[in-house]
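S.K.: what shape does this take:
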Amino acid sequence: MKSAEERLAELTAGDRRRQARRREALREKGMTTQSVWLMPEIRALLDQEIEAGRFKNRSEAINHALSTVYGGKERAMS
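M.R.: Numbers count the residues shown, from 1 in each chain. Got it, this is the predicted structure:
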């Protein structure tokens, strides 16, 4: 029987592999990652929109906002 530490290590490794696959898929779509510093008020507004079900996550909300401002087409992040 595996210890709790061994099981946690397995789960963590699986999470890392899933995240790596997702990041690679996004890169293949031509997407890049950017770090953005947000004011607390903006973060709270984004979180409200996510809680209301308008967006799945902050990345989707920020992409929508930038596309709206700059007139770009939105792309699905699946």
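
S.K.: where does the chain dip in pLDDT?
M.R.: Along the chain, the parts satisfying pLDDT under 70 run over 72-78.

S.K.: could you point out which element follows the longest helix anywhere in it?
M.R.: Ranked by residue count and defined by DSSP state H, the top helix of the chain is helix 4-28. Going down the chain from helix 4-28, the next helix or strand is helix 40-51, by DSSP states H and E.

S.K.: buried sites along the helix or strand just after that next one?
M.R.: Heading C-terminal from helix 40-51, the first helix or strand you meet, by DSSP H and E, is helix 58-70. Neighbour counts over helix 58-70 (16 or more other CB atoms under 10 Å) mark Ser59, Glu60, Ala61, Ile62, Asn63 as buried. From N, CA and C alone the C-beta is placed, and that goes for glycine too.

S.K.: which one of these is nearest to Gly71?
M.R.: Distance ranking of the buried residues of helix 58-70 against Gly71, using CB to CB, places Asn63 first at 13.3 Å.
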